[in-house]
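Asks: output the structure for:
(chains A and B)
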Amino acid sequence: EAGVAQSPRYKIIEKRQSVAFWCNPISGHATLYWYQQILGQGPKLLIQFQNNGVVDDSQLPKDRFSAERLKGVDSTLKIQPAKLEDSAVYLCASSFSGGNNSPLHFGNGTRLTVT
Amino acid sequence: QKEVEQNSGPLSVPEGAIASLNCTYSDRGSQSFFWYRQYSGKSPELIMFIYSNGDKEDGRFTAQLNKASQYVSLLIRDSQPSDSATYLCAVIGGSSNTGKLIFGQGTTLQVKP
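Replies: Residues are numbered from 1 along each chain as shown, chains lettered A, B, ... in the order given. Here you go, the predicted model:
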């Protein structure tokens, strides 16, 4: 079974620039998550999709972050404009159903450095 | 109060010893509990999940859940240097069934040869 695919693996940008990350979940997984992990901290949920609808985006900084999951498969996460504090690893995860008993599987992440 | 709390460590144990990792959570309605292992520079990988009170064993790993005390732990028997990593406790649940997974900050485990 192919895992969760993410790209790029690394990205370095200057503050105020924009950046986009891409995620392809495990085939058949209805639920897709984007997490932000700052160094030394646990992952923080930014947004959760069920198919192509948003389930939870309560911690997404909507003034600068946006995400979409067209056709209920691939997803993109965009930051515009980036701030220094956005430096983190952005993890995409997917699960089969999104229910309480459906474990998440993570991609390798995108490490973003904002200078 | 954080929703999921862990001692950041580092927890240092000698090779062959039992490592005990602890986690508390604030939402009494939480229903599902997960332990993820994260090596430095890598993404989290699922080790164990537990839904019911009591113990669940898988090889050298045992997860323990006490919902009354809102406490979940992970025991690693016969610890090996390859177990050195950050262990993340994660909780799903509460009143919704949306699968929102909330992580603790992680405990760093060091197993010394």
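
Asks: so which residues of chain A form strands?
Replies: Counting by DSSP state E, chain A has strands at residues A:5-7, A:10-13, A:19-24, A:31-37, A:44-50, A:53-56, A:65-68, A:75-79, A:88-95, A:105-106, A:110-114.

Asks: I meant to write chain B there.
Replies: In chain B, the strands defined using DSSP E lie at B:4-5, B:11-14, B:19-25, B:30-38, B:45-50, B:54-58, B:61-66, B:71-76, B:85-93, B:101-103, B:107-112.

Asks: contacts for the third one, please.
Replies: Going back to what we said before, that points to strand B:19-25. Identification of contacts with strand B:19-25 by CB atoms under 8 Å, 6 or more residues apart in numbering or on different chains yields B:3-7, B:11, B:13, B:33, B:35, B:69-76, B:79, B:83, B:87, B:89, B:91, B:104, B:107, B:109, B:111. For the C-beta atoms, the positions are set from N, CA and C on the backbone; glycine is no exception.

Asks: go through that strand and flag the buried ones.
Replies: Within strand B:19-25, the residues that count as buried by 16 or more other CB atoms under 10 Å in any protein chain shown are B:19, B:21, B:22, B:23, B:24, B:25.

Asks: from those residues, which is closest to chain A?
Replies: Each of the buried residues of strand B:19-25 was scored against chain A by CB to the nearest CB, and residue B:23 proved nearest at 10.7 Å.

Asks: quick check, pLDDT for residue 1.
Replies: The chain I'm using is chain A. Residue A:1 is assigned 65 on the pLDDT scale.

Asks: that was the other one, I meant chain B.
Replies: On pLDDT, residue B:1 comes in at 65.

Asks: export the strands of chain A to JSON lines and append columns for distance to residue B:44 and mean neighbour count.
Replies: Putting these into JSON lines (distance: least, CB to CB, whole Å; neighbours: other CB atoms under 10 Å in any protein chain shown) gives the following:
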{"stretch": "strand A:5-7", "distance to residue B:44": "13", "mean neighbour count": "17"}
{"stretch": "strand A:10-13", "distance to residue B:44": "18", "mean neighbour count": "14"}
{"stretch": "strand A:19-24", "distance to residue B:44": "15", "mean neighbour count": "19"}
{"stretch": "strand A:31-37", "distance to residue B:44": "9", "mean neighbour count": "24"}
{"stretch": "strand A:44-50", "distance to residue B:44": "13", "mean neighbour count": "21"}
{"stretch": "strand A:53-56", "distance to residue B:44": "19", "mean neighbour count": "14"}
{"stretch": "strand A:65-68", "distance to residue B:44": "20", "mean neighbour count": "18"}
{"stretch": "strand A:75-79", "distance to residue B:44": "18", "mean neighbour count": "19"}
{"stretch": "strand A:88-95", "distance to residue B:44": "8", "mean neighbour count": "24"}
{"stretch": "strand A:105-106", "distance to residue B:44": "5", "mean neighbour count": "22"}
{"stretch": "strand A:110-114", "distance to residue B:44": "15", "mean neighbour count": "19"}
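
Asks: alright, calling it a day.
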